[in-house]
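S.K.: Here is my input, please return the structure:
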Amino acid sequence: MPDQVLHDNIDRVFAILDADGDGGVRKDDFTSMGRGVAREFGLDEDSPRSRRLVEGYEAVWDYLCGADLDVDGVVSPAEFREAHTSGRVTTEVLVEKWESASRQSFEAADADGDGHIDLDGFAGIYRGAGIPDRAVAEAAFGAMDANADGRVDWTELSAHVRGLFTATDDSAKGAHMVSGG
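M.R.: Numbering: from 1, shown residues only. From the prediction side, this is the model:
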């Protein structure tokens with residue numbers, strides 16, 4: 001089934017966001033993810049860059065909470081999947097929100113401002129976002145680093161973020177961004 005790749009990725013992202021394992025994601029989960037990335041790169045919680053990072057993740061929630069069908073302030077796994085695969089929330093807009101949050105993370109990791117991050121910076125984004133397994137970051141980074149120069153730029157990362165939420169083929173960009181495969 002071609003949609004299985006997409007469904008698996010959506011389920012993996014939900015599991016990452018539901019760090020406490022209580023079966024639902026809330027605005028606090030997105031806030032924590034942004035703060036985690038900021039901490040990973042030594043950003044003061046009150047710094048403008050840290051605030052933009054948190055706001056980027058919270059913007060995903062602000063749009064995604066439109067999928068909270070029972071309006072209880074919690075998005076369940078079924079609601080999360082439906083938000084990414086149905087017309088209830090626009091996939092294109094939702095992906096744009098994820099890209100914006102990812103862009104903020106990329107900029108936090110790009111300490112020297114040269115428009116590239118290395119594996120350590122990329123792994124830092126993953127750790128801060130709740131993916132502590134370096135092997136998962138290494139696999140994703142390796143898939144993005146098409147020219148094998150040990151660095152990725154925003155265009156490479158963005159294509160994979162987009163693919164994470166749209167890929168229906170196992171070989172597509174982003175198809176294994178959070179699976180380590």
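S.K.: Show me which residues of stretch 31-39 are buried.
M.R.: S32, M33, G34, R35, G36, V37, A38 (16 or more other C-beta atoms under 10 Å). To be clear about C-beta, it is placed using only N, CA and C from the backbone, and glycine gets the same treatment.
S.K.: Please enumerate the strands of this protein.
M.R.: Using DSSP state E, the strands found in the chain span residues 116-117, 152-153.
S.K.: Save those strands as a markdown table, and put in mean pLDDT, mean neighbour count and distance to A109 too.
M.R.: Output for the strands of the chain, formatted as a markdown table (pLDDT from 0 to 100; neighbours: other C-beta atoms under 10 Å; distance: least, C-beta to C-beta, whole Å):
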| stretch | mean pLDDT | mean neighbour count | distance to A109 |
| --- | --- | --- | --- |
| strand 116-117 | 98 | 22 | 5 |
| strand 152-153 | 96 | 22 | 10 |
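S.K.: CSV please, covering these and showing distance to V74.
M.R.: Below are these laid out as CSV (distance: least, C-beta to C-beta, whole Å):
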stretch, distance to V74
strand 116-117, 33
strand 152-153, 34
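S.K.: ok, the residue lying closest to S100 once chain neighbours are set aside - contacts?
M.R.: Take S100 and drop its neighbours on the chain: the residue closest to it by C-beta to C-beta, 6 or more residues apart in numbering is G56, 5.2 Å away. Going by C-beta atoms under 8 Å, 6 or more residues apart in numbering, G56 touches G34, S100, A101, R103, Q104, S105.
S.K.: From the structure, what's the count of residues near the nearest residue in space to the fourth one that is not next to it in sequence?
M.R.: Among residues not flanking R103 along the chain, W154 sits closest, at 6.7 Å (C-beta to C-beta, 6+ apart). By other C-beta atoms under 10 Å, the residues close to W154 number 17.
S.K.: Please verify my assumption that W154 contacts G115.
M.R.: Yes: judged on C-beta atoms under 8 Å, W154 makes contact with G115 at a distance of 6.7 Å.
S.K.: The residue with the largest distance to the centre of the chain and S32, how far apart?
M.R.: Here the centre of the chain is the reference, and by C-alpha atoms, centre = their mean the most remote residue is D70, at 24.7 Å. To S32, D70 is 23 Å away according to C-beta to C-beta, to the nearest Å.
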